[in-house]
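> structural data only, the sequence is not supplied:
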């Protein structure tokens, strides 16, 4: 299927004949490793060329974008999601709406694949033009100021060894990451296909710490330079986490290693005393887009029911009402749970229904973010809950851990 655009340009699905031109465009307008990353996606049977679209001027590729499959877990609910990546436009064709057309393609394809949300790492502000809003905090990085000492590190056979990960390590690596993410309210894991891509990725290398023949820790390490970054680290125990930190630091003889903080994990506990704990200087967040509020709220009903039950909140048969002012959503409270979401028209004063008012651009932050309704209400006049018992339970502050193809640093 192709779409005719202005000036004779055509948007269509990419194909093998476009690969070289797409790679050249991504390299010119992005990073040198982007061409390899694109090839890994389109060559993988779990993604392939249908994941990528191009805009062509005759035979010339002048713009491109790729849609990746993701899954967002929130509590016990798993939401199929999409993420747009590898977006580039020839400089001579900028300002002609090509990215807008490609984003429309990506969102249509995302909907066809059953995605209920889209997530993204994106340049500041730009993707808000396409319905994305900032929602999930990106964790800060911390400098390593000292290294663990005083531990007896075995030598010889069975000694800890930091090495490049291989295909046979993927099950162990996946298990480590699952354990690390289990304590977070919101989690985005790497799909199995991406683990294969990360084995050949240029922008970072996937390393495992092998101890006594088993994978005991894992992390992604950026190439040598003024500073190196150790990200997505996970370990079976604190001893393995400290070994991972020592081994990664040894790759940077002049110092300059930074690590990504994953609060509440084994690595965070093991590394706490060795890191600088400076304040966050700027806000950094992942984008979230909600294409259909009613559909998403309906999918989240089991989570809302769990939260109400855990808090012992009795609604007495009164519906839960959430207004985005231009529309409102009513969730019936039944004897055996919550009924299907009912969408209604504009509701400027949800307080009359003991409801919550949430500006539509704040919904992603409310549902996935670290502030909860009480925190948002302190900084946003257009977010509030009139039932002070109910809405803090339904919309609490959430912790999050997000694994992405590209590290957001």
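Happy to help now that I have it. All values derive from a computational prediction rather than experimental measurement.
> name the residues that touch stretch 393-402?
74, 119, 136-139, 180-181, 183-188, 262-264, 286, 304, 307-308, 311, 313, 320, 356, 366-375, 385 (C-beta atoms under 8 Å, 6 or more residues apart in numbering). C-beta: built from backbone N, CA, C; applies to glycine.
> among those residues, name the ones in helices.
180-181, 304, 307-308, 311, 366-368, 372-375 (DSSP state H).
> nearest to residue 18, of the residues you listed?
Nearest to residue 18 among those is residue 368, at 34.7 Å by C-beta to C-beta.
> any idea how far residue 82 is from the closest one?
Going from residue 368 to residue 82 by C-beta to C-beta, to the nearest Å gives 15 Å.
> check residue 173 too.
24 Å.
> kindly report the same for residue 211.
37 Å.
> and the helices in the stretch 101-250 of the chain, which stretches?
Assigned by DSSP state H, counting those that start in this stretch, the stretch 101-250 of the chain shows helices spanning 170-181, 192-198, 238-249.
> about what we covered before: out of residue 173 and residue 82, which sits in the more crowded spot?
It is residue 82, of residue 173 and residue 82, that has more neighbours when counted by other C-beta atoms under 10 Å, with 25 against 22.
> beta partners of that one?
Using DSSP bridges, the bridge partners assigned to residue 82 are residue 69, residue 118.
> pLDDT score for it?
Residue 82 carries a pLDDT value of 98.
> for it, give me its contacts.
67-70, 106-107, 109-110, 113, 115, 117-119.
> distance of it from residue 72?
10 Å.
> how about residue 167, nearest residue that isn't a chain neighbour?
residue 199 (6.7 Å; C-beta to C-beta, 6 or more residues apart in numbering).
> wait, that neighbour sits on residue 207?
No. Using C-beta atoms under 8 Å, residue 199 is not in contact with residue 207; the gap is 10.8 Å.
> where does the stretch 201-350 of the chain dip in pLDDT?
Under the criterion pLDDT under 70, the flagged ranges of the stretch 201-350 of the chain are 226.
> all strands of it, in order?
205-211, 214-221, 228-235, 257-260, 285-289, 320-323, 328-331, 333-334, 337-338, 342-344 (DSSP state E, counting those that start in this stretch).
> closest to residue 95 out of those strands?
So among the strands of the stretch 201-350 of the chain, strand 285-289 is nearest, using C-beta to C-beta, at 22.2 Å.
> can you list contacts of that closest one?
Residues contacting strand 285-289 (C-beta under 8 Å, 6+ apart): 107, 117-122, 127-128, 130-138, 364, 368-369, 402, 404, 408.
> and it, which strands flank it?
strand 117-120 (antiparallel), strand 133-137 (antiparallel).
> which of the ones you listed sits closest to residue 45?
strand 117-120 (23.0 Å).
> picking that back up, would TSV of the helices of the stretch 101-250 of the chain with distance to residue 89 be doable?
Formatted as TSV, the helices of the stretch 101-250 of the chain follow (distance: least, C-beta to C-beta, whole Å):
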stretch	distance to residue 89
helix 170-181	34
helix 192-198	23
helix 238-249	37
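> surely residue 220 touches residue 205?
Yes. If you go by C-beta under 8 Å, residue 220 and residue 205 touch, sitting 7.1 Å apart.
> higher neighbour count, the two?
Legend: neighbour count by other C-beta under 10 Å for residue 220 and residue 205, higher for residue 220 (20 against 17).
> skip the chain neighbours and tell me the closest residue to the more buried one.
Nearest to residue 220 is residue 204, by C-beta to C-beta, 6+ apart, at 4.3 Å.
> same deal with residue 129?
residue 100 (7.8 Å).
> how many residues are close by that neighbour?
Counted with other C-beta under 10 Å, residue 100 comes out at 11.
> tilt between the one helix or strand it maps to and strand 285-289?
Secondary structure assignment for residue 100, by DSSP states H and E: helix 98-112. Relative orientation of helix 98-112 versus strand 285-289 (axes from the mean of the first three to the mean of the last three C-alpha atoms, to 10 degrees): 70 degrees.
> can you list the buried residues in stretch 250-258?
Buried residues in stretch 250-258, defined by neighbour count with 16 or more other C-beta atoms under 10 Å: 252, 257-258.
> do the same with stretch 278-287
Within stretch 278-287, the residues scored as buried using 16+ other C-beta under 10 Å are 284-287.
> out of these, which comes closest to residue 11?
residue 287 (22.5 Å).
> from the contacts of residue 82, keep the buried residues only.
Restricting those to buried positions leaves 67-70, 106-107, 109-110, 115, 117-119, with burial counted as 16+ other C-beta under 10 Å.
> any idea how far the residue nearest to residue 129 lies from residue 331?
34 Å.
> do the same with residue 264
Counting by C-beta to C-beta - residue 264 and residue 331 are separated by 31 Å.
> pick out whichever of these two has more residues nearby.
Neighbours were counted for residue 264 and for residue 331 using other C-beta under 10 Å; residue 331 has more, 22 against 13.
> bridging residues for that one?
residue 320.
> so what pLDDT did residue 96 get?
97.
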